[in-house]
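Colleague: let me see the structure of the following:
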Amino acid sequence: MSDLAFSSFTLNGPDAQKFLQGQVTLNAEALAENVTRYTGICSLKGRIQFGLWLKKVNPESFVIAATADQAEELAKHIKKYGAFSRMKLEEAGAVYPVLNGLSTDFTAAETDIATWQLQAIQAGQAWITAATAELFQPQELRLHQREGVHYDKGCYLGQEVIARLWFKAKPKAWLHAIQGAGAVPAPGEQLDKSVQAVNSAAVENGYIALVIARPEALAELDVTVLDLPESLSGDVARPA
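Modeller: Here you go, the predicted structure:
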């Protein structure tokens with residue numbers, strides 16, 4: 001039984017899209033309608049503070065889903081930064097995840113969250129919880145390979161740091177899927193100094209996990225590196 005849960009909100013009003021464009025890492029203006037994409041709101045240090053699944057109904061109406069342990073703080077953040085915007089955030093209740101290729105959709109009908117958790121990890125769909133808030137940079141999570149961050153959209157929270165890394169450097173560590181024996185690592189747990197767990201789930205005789213790691217550090221651990229989907233298996237650096 002998974003203790004993971006999800007909450008949803010609606011954000012409606014003439015300024016909804018403009019507000020989100022200045023907050024999240026993806027291009028809210030270019031987001032196709034009725035398509036759910038995972039994105040983040042970052043700290044000024046360029047690390048993901050809140051992870052959220054965003055769906056645009058139309059430019060004045062959005063649906064937001066987040067892990068339940070981040071929902072309250074996310075709502076406070078939106079209300080604080082959007083205090084003078086013409087829009088209204090409203091709770092829409094608990095929702096349940098369904099894997100849809102390299103993304104996730106949400107439904108009001110109850111689903112098996114533990115099954116989704118396994119499938120999402122296998123699909124390379126890392127997500128942020130309260131335990132991992134402000135630990136990881138979007139590029140490290142391969143968010144740009146999931147259409148969750150756009151580097152040409154203009155200003156948003158943390159954009160200067162995120163853009164600098166993209167255009168001038170490359171992360172030292174990035175997302176990998178692994179399988180190991182023993183106890184399931186907790187979100188944010190260091191497996192060693194260069195390997196940190198993002199998400200994990202129990203399987204027979206051990207666990208599978210998404211980790212941020214230096215590739216050479218994985219070779220030193222007693223784990224099996226699993227294949228990610230092709231679209232998430234390439235170099236995380238900006239194409240030359």
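Colleague: domain-wise, how is this protein divided?
Modeller: What automatic domain parsing lists as the domains of the chain is 6-168, 174-228.
Colleague: what's next to the longest helix along the chain, contact-wise?
Modeller: Longest helix in the chain by number of residues (criterion: DSSP state H): helix 68-81. With contact meaning CB atoms under 8 Å, 6 or more residues apart in numbering, helix 68-81 is reached by 4-7, 9, 11, 19, 23, 41, 49-52, 64, 66, 89, 91, 94, 128-131, 133. For the C-beta atoms, the positions are set from N, CA and C on the backbone; glycine is no exception.
Colleague: let's go with 7 Å and repeat that
Modeller: Residues from elsewhere that reach helix 68-81, judged by CB atoms under 7 Å, 6 or more residues apart in numbering: 5-7, 9, 23, 41, 50, 52, 66, 89, 129-130, 133.
Colleague: stretch 215-231 now?
Modeller: Applying CB under 7 Å, 6+ apart, the set of residues contacting stretch 215-231 is 102, 123-124, 145, 176-180, 191-192, 194-195, 208, 233.
Colleague: just the C-alpha atoms of that stretch, please, in CSV.
Modeller: Provided in CSV are the C-alpha atoms of stretch 215-231 (Å, rounded to 0.1, in the frame of the first residue of the first chain):
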residue,chain,number,x,y,z
PRO,A,215,27.5,7.7,-13.9
GLU,A,216,30.8,6.5,-12.6
ALA,A,217,29.4,6.4,-9.1
LEU,A,218,26.8,3.9,-10.1
ALA,A,219,29.5,1.6,-11.3
GLU,A,220,30.9,1.5,-7.7
LEU,A,221,27.5,0.5,-6.2
ASP,A,222,26.0,-3.0,-6.1
VAL,A,223,23.0,-2.0,-8.3
THR,A,224,21.8,-2.7,-11.8
VAL,A,225,21.3,0.4,-14.0
LEU,A,226,18.0,0.0,-15.8
ASP,A,227,17.2,1.3,-19.3
LEU,A,228,15.2,4.5,-19.5
PRO,A,229,12.8,5.1,-22.4
GLU,A,230,14.7,6.3,-25.5
SER,A,231,13.5,9.9,-25.2
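Colleague: direction included, what does the longest strand belonging to the chain pair against?
Modeller: Counting residues, the longest strand found in the chain (DSSP state E) is strand 88-100. Next to strand 88-100 in the sheet, as set by DSSP bridges, lie strand 6-12 (antiparallel), strand 103-107 (antiparallel).
Colleague: just the mean pLDDT for that strand, thanks.
Modeller: Mean pLDDT, strand 88-100: 97.
Colleague: so what touches it?
Modeller: By CB under 7 Å, 6+ apart, strand 88-100 touches 5-13, 65, 75, 78-79, 104-111, 113, 116, 119-120, 123.
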